[in-house]
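Asks: just a sequence and a predicted model for now, questions to come.
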Amino acid sequence: MSDSPQPPDSRLLTIIATYNEQENLPGLVEQLQGLIPDMQILVIDDNSPDGTGTWCREREAKDASFQCIHRAGKLGLGSATVEGFRFALDRDFDLIATMDADFSHAPASLCKMVDTMLEEANHDIGIAIGSRYVEGGAIEGWPFFRHLSSRLVNGFARLFLRLPTHDNSGAFRVYRRAALETIEVDRIQAGGYAYLEEILWRLHRQGVKMLELPITFVDRTKGASKTSLPMGVQVFWHLLKIAVGLVR
């Protein structure tokens with residue numbers, strides 16, 4: 001974000017869902033706070049056994065702009081993000097960002113996304129998506145199988161959910177409060193990664209305008225990936241349920 005005074009509708013909360021991100025989270029928080037000092041950060045930790053939750057408790061004790069919701073177990077990205085949405089809406093945040101904890105989403109790109117949402121010409125944009133699949137977007141460090149599976153998921157979502165966006169499975173987004181208020185976030189049924197496509201489907205049905213901004217996605221260098229073949233199958237199954245009308 002720029003150093004110029006921000007408009008009154010710019011209160012920003014960044015939601016970061018974590019599970020075993022002790023190696024990445026401290027550095028990410030420091031970078032984000034250095035770039036966007038007025039931002040609030042909410043971590044939602046699913047009882048990480050690597051000490052992520054312990055670090056969050058220590059950070060909370062000395063940093064008023066940092067909070068953490070500690071959950072009892074590994075309940076999934078979708079339910080964590082919905083819990084973050086509730087937190088943001090209850091506290092009247094104007095912009096709600098979501099991003100991964102592993103530096104695959106560059107903090108500098110978040111600044112650009114937020115600045116874009118704050119431009120007067122974009123006041124009617126309900127969500128900015130950090131997109132790997134528009135001109136200028138890229139992915140670094142993925143094996144062929146991940147490229148293929150991601151393309152299949154995104155193509156399926158575009159075709160069967162009639163989404164206008166190209167990157168429907170990425171978690172790097174900035175939502176406007178007014179956009180989230182057009183849907184009932186508690187109705188989101190996907191507990192895992194399929195929430196990413198489901199919420200775009202719900203927003204699109206409400207006529208929310210979406211903007212894709214190119215990013216370079218860099219695969220994690222520390223920690224273990226949370227994606228797996230069973231998770232991919234679960235995503236396809238949930239999207240199929242949406243497509244045939246079993247999700248309302």
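Replies: Cool, the structure landed.

Asks: check contacts around Asp100.
Replies: Counting by Cβ atoms under 8 Å, 6 or more residues apart in numbering, Asp100 touches Ile16, Ala171, Phe172. The way it works is simple: take the backbone N, C-alpha and C, and place the C-beta from them, glycine included.

Asks: so which of those belong to strands?
Replies: Using DSSP state E, the members of the contacts of Asp100 that fall in strands are Ile16.

Asks: looking at the contacts of Asp100, spot the one nearest His238.
Replies: Closest approach between the contacts of Asp100 and His238, by Cβ to Cβ: Ala171, at 15.6 Å.

Asks: tell me which helix or strand comes right after the helix ranked longest in the chain.
Replies: Criterion DSSP state H: the longest helix present in the chain is helix 144-160. Note on helix 144-160: by DSSP states H and E, the next helix or strand toward the C-terminus is strand 173-176.

Asks: for the helix or strand of the chain with the lowest mean pLDDT, what is the distance to the chain centroid?
Replies: Taking mean pLDDT, DSSP states H and E as the measure, the helix or strand of the chain with the lowest value is helix 229-243, at a mean of 83. Distance of helix 229-243 from the chain centroid (Cα atoms, centre = their mean, to the nearest Å) equals 19 Å.

Asks: show me what that helix packs onto, helices and strands only.
Replies: helix 144-160, helix 195-205 (3 or more Cβ pairs under 8 Å, 6 or more residues apart in numbering; DSSP states H and E).

Asks: any chance of TSV for the contacts of Asp100, columns neighbour count and distance to Arg146?
Replies: As requested, the contacts of Asp100 are exported to TSV (neighbours: other Cβ atoms under 10 Å; distance: Cβ to Cβ, whole Å):
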residue	neighbour count	distance to Arg146
Ile16	28	22
Ala171	19	15
Phe172	23	16
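
Asks: now, which of the contacts of Asp100 sits nearest Leu77?
Replies: The closest of those, once distances to Leu77 are taken by Cβ to Cβ, is Ala171, at 7.2 Å.

Asks: look up how far Met231 lies from the residue found closest to that closest one once you drop the neighbours it is linked to in the chain.
Replies: Counting by Cβ to Cβ, 6 or more residues apart in numbering, Ala171 lies nearest to Thr98, which is 5.4 Å off, once chain neighbours are set aside. From Thr98 across to Met231, the span is 18 Å (Cβ to Cβ, to the nearest Å).

Asks: so those two - more neighbours on which side?
Replies: Counted by other Cβ atoms under 10 Å, Thr98 and Met231 do not tie: Thr98 has more neighbours, with 26 against 15.

Asks: specify the beta-bridge partners of that one.
Replies: Beta-bridge pairing of Thr98 under DSSP bridges involves Ile15, Arg173.

Asks: check contacts around it.
Replies: For Thr98, the contact set (Cβ under 8 Å, 6+ apart) comprises Thr14, Ile15, Ile16, Ala17, Thr81, Gly84, Ala171, Phe172, Arg173, Tyr175.

Asks: and the closest residue in space to Arg162 that isn't next to it in sequence, how many neighbours?
Replies: Once flanking residues are discounted, Arg162 sits nearest to His204: 7.4 Å by Cβ to Cβ, 6+ apart. Applying other Cβ under 10 Å, we find 19 residues neighbouring His204.

Asks: residues in contact with His204?
Replies: Leu161, Arg162, Leu163, Pro164, Met210.
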